[in-house]
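>>> need a 3D model of the sequence below.
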Amino acid sequence: MRALHFILIIFILTSLSWLSGCKENPDDDIVPVYLEDFTEYVPTSKSYVASDIKRYVQGYGLTDLAALVKYDIKVYKIKYKTAFEGDSIIASGLLAVPVPKEKSDAFPMLSYQHATMTTNAESPTSNPLGEVTAMATYVASTGFVVMIPDYIGFGSSSDKFHPYMIKKYTVNAILDFIRASKEFIATEKPCKINSNLFLSGYSQGGNATMAALSAIENDTRNSDLEVKASACGAGFYNLNTFRNWMVSQKKFDSPYIIAYMLRSFKQYEDLAIEDTLVFSSKFASVIPGMIDGTRLANEINTMFGTLDVGELFNDDFENDSTLFNKDKKYDALRAVYTENSVPVWNLGSDVTLYYGKSDMIVPNEQSLKILSEFRTVGATAKIKVDALDNLDHKAAEIPILAKSVSWFKKY
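Below is the predicted model of the structure:
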């Protein structure tokens, strides 16, 4: 009898195992690996009701986007695990989901990568009602599950210096937030999702979007993710050619970007270079403490006291491009620029490169050059450019977000 009882138990366990493997939706059995914690965000000054969202979007003159608004939304602050400096770290981001009207409603996912920020107070989870963050969360009302990662160094990881333009850490933060968001939806079930994933981002986020897409399409470790289409807005795709353009200008409106990269590369890429090989010697005492997490971009730019390229930078760095591109003292900096740029590949999904035609911070050359390079490797049918008239770098961000959503809706 004891032997018969043992056989019966084995048979039952085997049958249960077989039945669980035949479930229609295996995602129901996801064991959280990335998701750490979440809290629902309840706004105090802005509504998450569809009718109010529509009025807000119409107030920006975004009539095409407003016409797509349909759903009430809910917004969550998500904490999740991602890799950082040989260990895991708890990062964070905002997740906005539509409130389904029908039980059968299933929504695509959209990861939005934000532009450069210098303080934690600007980050998505610290400032959900910030202008761009609010608009990105409101996109959920058009029928997308919207994910907005803080990036490492902001939100729950604000005790770390932001690894600005460090490609590997940016990609980790984005892809693992997508995975954590999927786990959240599978476990908490605020809505259903379908198989479509879209990527969009602006400025630093444009580079981040392209880098994330590259990691998904070229690294088999990310085969669990598949992208339908990506919108890359005004990104720093090639840092060496960005430097070449910048030093050819009489003035540059955002020198803080170069200081931000320099500190980040020195801290996270072990770049052993004196600040005065990049900036003029008169800034030697200012640069080390300039990017400290408390100053906004405009405040940092003011610390230079000039936007004149000739006054800002070391003569070897800015006057003689041949010297910069050949002198050994700049070898390590050029290598770091190359490492954190995005090389082209034969695209497996559609990409639109957006930019404002009046942008004098990230030039249209960045988009047009990478467009040409993608075409050279055979991706002509997968990539296009959409340039917006009369918009500078700041003014173009929200209109580009709106255009990308309308484009995604065609899939």
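>>> and the longest helix seen in the chain, what does it pack onto?
Using DSSP state H to define each element, the chain has its longest helix at helix 167-188. Where contact means 3 or more Cβ pairs under 8 Å, 6 or more residues apart in numbering; DSSP states H and E, helix 167-188 is packed against strand 35-41, strand 73-84, strand 87-98, strand 106-113, strand 145-149, strand 192-202, helix 204-218. Bear in mind the C-beta positions are built from the backbone N, C-alpha and C, glycine included.
>>> the first one pairs with which strands?
Taking DSSP bridges as the criterion, strand 35-41 forms sheet pairs with strand 73-84 (antiparallel).
>>> how's the protein carved up into domains?
As recorded under automatic domain parsing, the domains making up the chain are 33-238+341-408, 239-339.
>>> got JSON lines for those, with mean pLDDT too?
Converted to JSON lines, these look like this (pLDDT from 0 to 100):
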{"stretch": "domain 33-238+341-408", "mean pLDDT": "96"}
{"stretch": "domain 239-339", "mean pLDDT": "93"}
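>>> any chance of JSON lines for those domains, columns mean neighbour count?
Listed next are the domains of the chain as JSON lines, based on neighbours: other Cβ atoms under 10 Å:
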{"stretch": "domain 33-238+341-408", "mean neighbour count": "20"}
{"stretch": "domain 239-339", "mean neighbour count": "17"}
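>>> how about a markdown table for the helices and strands packed on helix 167-188, with distance to Ser248 added?
Shown next, in a markdown table, are the helices and strands packed on helix 167-188 (distance: least, Cβ to Cβ, whole Å):
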| stretch | distance to Ser248 |
| --- | --- |
| strand 35-41 | 44 |
| strand 73-84 | 36 |
| strand 87-98 | 37 |
| strand 106-113 | 28 |
| strand 145-149 | 33 |
| strand 192-202 | 24 |
| helix 204-218 | 21 |
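>>> start and end of stretch 322-336, how far apart?
18 Å (Cα to Cα, to the nearest Å).
>>> one more: stretch 120-135?
The first-to-last residue distance of stretch 120-135 comes to 19 Å (Cα to Cα).
>>> cool, and stretch 128-142?
End-to-end distance of stretch 128-142 (Cα to Cα): 18 Å.
>>> can you check stretch 266-274 too?
End-to-end distance of stretch 266-274 (Cα to Cα): 10 Å.
>>> check stretch 352-365 too.
One end of stretch 352-365 to the other measures 15 Å (Cα to Cα).
>>> cool, and stretch 152-159?
9 Å.
>>> quick check, distance from it to the centre of its chain.
Distance of stretch 152-159 from the chain centroid (Cα atoms, centre = their mean, to the nearest Å) equals 15 Å.
>>> do the same with stretch 214-230
Chain-centre distance of stretch 214-230: 15 Å, with Cα atoms, centre = their mean.
>>> from Ala229, how far out is Tyr355?
Using Cβ to Cβ, to the nearest Å, we find Tyr355 at a distance of 17 Å from Ala229.
>>> swap in Asn194?
For Asn194, the distance to Ala229 - Cβ to Cβ - is 14 Å.
>>> over to Ala297?
Distance from Ala297 to Ala229, by Cβ to Cβ: 30 Å.
>>> likewise Gly206?
Using Cβ to Cβ, Gly206 is found at 15 Å from Ala229.
>>> same check on Ser156?
From Ser156 over to Ala229 (counting by Cβ to Cβ), the distance is 30 Å.
>>> also Val99?
From Val99 across to Ala229, the span is 25 Å (Cβ to Cβ).
>>> and Ser92, by the same measure?
Counting by Cβ to Cβ, the gap from Ser92 to Ala229 is 26 Å.
>>> ok, Thr119 next?
Distance, Thr119 to Ala229, by Cβ to Cβ: 32 Å.
>>> what do you get for Tyr411?
Going from Tyr411 to Ala229 by Cβ to Cβ gives 6 Å.
>>> for Leu307, same thing?
37 Å.
>>> and stretch 386-401, how far out from the chain middle?
With Cα atoms, centre = their mean, you get 17 Å for stretch 386-401.
>>> same question for stretch 57-73.
Taking Cα atoms, centre = their mean, one finds stretch 57-73 lying 23 Å from the centre of the chain it belongs to.
>>> likewise stretch 295-305?
Counting by Cα atoms, centre = their mean, stretch 295-305 is centred 24 Å from the centre of its parent chain.
>>> next one: Glu365 from Arg179, what distance?
From Glu365 to Arg179 the distance is 35 Å (Cβ to Cβ).
>>> oops, could you answer that again for Met246 instead?
Met246 is 36 Å from Arg179, by Cβ to Cβ.
>>> do Ser203 as well
From Ser203 over to Arg179 the distance is 25 Å, taken as Cβ to Cβ.
>>> contacts for stretch 360-379?
203, 206, 210, 232, 234-238, 241-242, 245, 249, 252-254, 257, 342, 344-347, 351, 353-355, 357, 380, 382-385, 387, 392-393 (Cβ atoms under 8 Å, 6 or more residues apart in numbering).
>>> need the helices for the stretch 301-411 of the chain, in chain order.
Remark: helices assigned in the stretch 301-411 of the chain by DSSP state H, counting those that start in this stretch are 309-312, 315-318, 321-326, 331-339, 364-376, 393-408.
>>> centre of the chain to the third one, how far?
Average the C-alpha atoms of helix 321-326, do the same for its chain, and the two points are 31 Å apart (Cα atoms, centre = their mean).
>>> other residues contacting it?
With contact meaning Cβ under 8 Å, 6+ apart, helix 321-326 is reached by Asn240, Arg243, Asn244, Val247, Ser248, Asp316, Phe317, Tyr330, Arg334.
>>> let's see it at 10 Å
Applying Cβ atoms under 10 Å, 6 or more residues apart in numbering, the contact partners of helix 321-326 are 240, 243-244, 247-248, 277-278, 314-318, 320, 329-330, 333-334.
>>> give me the most central residue, the chain.
Residue closest to the average C-alpha location in the chain (Cα atoms, centre = their mean): Gln113, at 2.4 Å.
>>> check contacts around it.
Each residue near Gln113 by Cβ under 10 Å, 6+ apart is listed here: 136, 147-149, 151, 170, 173-174, 199-212, 232-233, 235.
>>> and it, what are its bridge partners?
Applying DSSP bridges, one finds that Gln113 bridges with Gly201.
>>> equivalent analysis for Ile193, please.
Beta-bridge partners for Ile193, by DSSP bridges, are Phe107.
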